[in-house]
Structures are given as C-alpha cells and as structure tokens.
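> What would the 3D arrangement of this be:
(one chain, ligands or ions: 1)
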Amino acid sequence: MNILIIGGAGYIGSHVTSEFLDNGNKCTVFDNLSSGLRENLFPEAKFIHGDIHDYQALLEAMKSNGGHDAIIHLAAFKAAGESMLIPQKYSRNNIAGTINILNAACETGIKNIVFSSSAAVYGEPQYLPIDEKHPTQPENFYGFTKLEIERFLDWYDKLKNIRYASLRYFNAAGYDVKGKIKGLEQNPANLIPIIMETACGIRKEMQIFGDDYDTPDGTCIRDYIHVSDLSSGHAMALDYITKKDKSIIVNLGSETGSSVKEVLDIARKETGKPIPCNITSRRPGDPAKLTASASLAFELLGWKAKHSDMETLIKTSWNVYSKI
Ligand code: UFG
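Numbers count the residues shown, from 1 in each chain. Below you'll find the predicted structure:
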C-alpha cells in the first residue's frame, strides 16, 4: 500500500514508519520537525517537510507519490501537564490540525486513517484493567483533544465513509528492537527516558513523584507498551479496517503493570548505573494504577504485545542512551 505517515519523524512515528517499510509498503513521511528529527527519517521513505495547519501542503502530500491508500496520523502535542496550562496550543494543533487532515482526506478521496489516541481519554480509572467500554472522562486537556478527535472520526466515518482505527496507547516506551532508530526525544517528560537520562548523566538525579499511593510499594503502577509492539498494532489495524471496511477503537497495552520503583530497579540492574533519585510529593492528576485490557485488539486484530516485558523495554532504551 501507499501510506502517508503524518508525524512520521517522531519517536513513535519513526517506529511505525519502519514497520510499514519492513512490511513492503511505500511510505511518505509528512512532519514539521517541531519534535520529530531528521535522523529518524529513512532513505526508503519520501519526506515532506510540512505542517498540518497548511491545508494546501496536506492536499499536495496526499496526492503525491501517485496518491495514498491510507493515512497514519501521529502528529500531536502530548504533554498532559502542559495541556492544562496552554490549552490553546493543544486545541490548535491536535484538534484543528486533525480537522484539516480529515478534510484534505475527503478532498483527495483517502478512505482509511489510523489515529494515535491515548489511554488519557479514560481519566481516573473506575475499574481495572481498563477496557474500551470504560467511561471516557479525561482528566487533562490533552486527553480531551484525543477524545474529541475520536468523535470527529466517528462522524466522518458515517458521513464520508472514512474508516478509522483509533488506537488508545497506554505508556509507550522502549526503542526499536531491530536497533535502527536512535533519535532521542528532546526534553522528555516520561518516566523511562528520564531514568535513561539520569543513567547516562544528562541529569544528576531524578524524582519519584510520591511513594504513598495505595500500591504494594507505594509508587504508581503503569502499563508500559513497547513502541515496536505499538507499531505492529498500526499495521494490523490498517489491515483490519481496509479488509473489513469497518472502523474500530482499541486499546494497545501490555496488560501488565510495573511500579515506578520496579522500573527503576530493573533499570539499575540492566544499566549497571546507580541512577540517583529523590522521593518528592505526588504529581497532580496521577492515578495510583492504570492497566489495560487488550483483549479486543487480540480478538479483532490478533495483536498481542511481544516486546513489552520491562527488561526489553529498558535494554532497548539503554541500547540507544548508552551510546550518546
Ligand atoms: N514519574 C516519576 N518521575 C518522573 C516521571 C514520571 O515518578 O520523573 C512517574 C509518574 O508520576 C507516573 C509514572 O512515572 O506515576 C509514569 O509517568 P509518565 O509521565 O511516564 O506517564 P503517564 O502515565 O503520566 O502518562 C503517559 C503518557 C500519556 C498517556 C498515558 C496513558 O504521557 O500521554 O501514559 O497511560 F495518556
């Protein structure tokens, strides 16, 4: 297939591009490089330096390379904390930018889209593991933007026959199991890259945000999912919506939970570094525990996490961070 990957130079986007290329597809990456990196681009994929606010550029990109069969849309801001301080930035990019993409898809006749959604659409868990029937009450504006886009997708499905797969990622982590992708996220806010930056000396120490949660060791539990697993989920989801002509919303998670202290212990063991840390107060808005049910992804797509054990998540990350 001929696939347009919007946000394909980013951390997750580059892994997804690699997956589609490895599966024999023709890929075009469209990215404004605001957080994406040139070093994440592949010579086999055509690159267009463009912004999703530029409607003409989107139209041209969609028509280029002989036209595209599908769009993978990963271009979004994703810092939940920042979204509460600067919602305008998130409305404009995540919502208005996606409306441009959908309208350009209508105009160019592209009928399939895979969208990067997030477990942030659920908000505070009412039960665990979280399945797709769990109520959606985002606790932060970032999660709200993802949920709004799902609503747009649903309407465009009904009105314009655009089929979509909305993939609700849990905590994306790790690096390419094949070792091709090496671009480091700039100013990361997530736990594993922060641990890695501390292990390799970019940071002197790190903070554990609270050890008084109602969990066995007092620190928060999350469901970490390897980016290579996320990538195969995109390929399987696209296959599903094109073959079945049906839209889907599915969780992508490992169905296992690791606490902050467990992640840190494994990182110390795998890296051999002390990784100094302090316990500080809780970060506002952090639920004690989040784990996914990914049984729908298995049932519909045959997808299951294969690389998301904590040793692999840490080893593949350290493989990249230890070389800087
Ligand atoms: N944490 C620390 N210290 C840090 C960074 C994080 O203790 O320096 C803790 C957090 O308090 C939390 C856990 O590590 O308990 C994971 O935090 P992250 O910031 O890595 O991830 P979140 O669970 O907050 O959120 C991530 C994504 C969201 C997504 C969500 C889905 O950033 O976009 O997973 O589960 F919605």
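> can the lowest-mean-pLDDT helix or strand in the chain be found next to the ligand?
Lowest by mean pLDDT, DSSP states H and E among the helices and strands of the chain is helix 80-85, with a mean of 93. Yes: counting by CB under 6 Å from any ligand atom, the ligand has neighbours in helix 80-85: Ala80. (Glycine included, C-beta is placed from N, CA and C.)
> Does the helix or strand following that helix reach the ligand?
Sequence-wise, the next helix or strand downstream of helix 80-85 (DSSP states H and E) is helix 87-90. No: contact of helix 87-90 with the ligand (CB under 6 Å from any ligand atom) is absent, the minimum separation being 11.6 Å.
> Please work out which residues outside helix 87-90 touch it.
Phe77, Glu82, Ser83, Phe141, Tyr142, Thr145 (CB atoms under 8 Å, 6 or more residues apart in numbering).
> which of those has the most neighbours?
Thr145 (28 neighbours; other CB atoms under 10 Å).
> Can you tell me how far it is from Leu184?
25 Å (CB to CB, to the nearest Å).
> try Ile225
Counting by CB to CB, the gap from Ile225 to Leu184 is 19 Å.
> and what of Pro216?
32 Å.
> just checking, what packs against the least confident helix or strand of the chain?
Contact analysis of helix 80-85 by 3 or more CB pairs under 8 Å, 6 or more residues apart in numbering; DSSP states H and E lists helix 87-90, helix 141-160 as its packing neighbours.
> Make JSON lines from these and add mean pLDDT to it.
As requested, these are exported to JSON lines (pLDDT from 0 to 100):
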{"stretch": "helix 87-90", "mean pLDDT": "98"}
{"stretch": "helix 141-160", "mean pLDDT": "98"}
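> Spell out which parts of the protein neighbour the ligand.
Counting by CB under 6 Å from any ligand atom, the chain sits next to the ligand at 78, 80, 118-120, 170-171, 189-191, 194, 206-209, 220, 222, 260, 283, 286, 290.
> Dig out what the spatially closest residue to Thr280 that is not a sequence neighbour forms beta bridges with.
Spatial nearest neighbour of Thr280, excluding adjacent residues (CB to CB, 6 or more residues apart in numbering): Gln207 at 4.5 Å. Residues in a beta bridge with Gln207, per DSSP bridges, are Asn278.
> Gln207 contacts Cys277, doesn't it?
Yes: Gln207 lies in contact with Cys277 (CB atoms under 8 Å); the separation is 6.6 Å.
> Please, where are all the helices along the chain?
11-22, 55-63, 80-85, 87-90, 97-108, 141-160, 191-199, 227-244, 260-271, 295-301, 310-321 (DSSP state H).
> could you give the angle of the longest one to helix 227-244?
This means helix 141-160. 20 degrees (axes from the mean of the first three to the mean of the last three CA atoms, to 10 degrees).
> And helix 141-160, what's buried?
141-150, 152-153, 156-157 (16 or more other CB atoms under 10 Å).
> same question, the fourth one
Counting neighbours by 16+ other CB under 10 Å, one finds that the buried residues in helix 87-90 are Tyr90.
> try stretch 299-309
Neighbour counts over stretch 299-309 (16+ other CB under 10 Å) mark Leu300, Leu301, Trp303, Ala305, His307, Ser308, Asp309 as buried.
> ok, now stretch 22-29?
Those would be Asn25, Lys26, Cys27, Thr28, Val29, for stretch 22-29 by 16+ other CB under 10 Å.
> Now tell me what touches it from outside.
Stretch 22-29 has contacts (CB under 8 Å, 6+ apart) with 1-5, 8-9, 13, 17, 20-21, 41-42, 44-48, 61, 64-65, 68, 235.
> Which members of those residues occur in strands, if any?
Asn2, Ile3, Leu4, Ile5, Lys46, Phe47, Ile48 (DSSP state E).
> That concludes my questions; thank you for your assistance.
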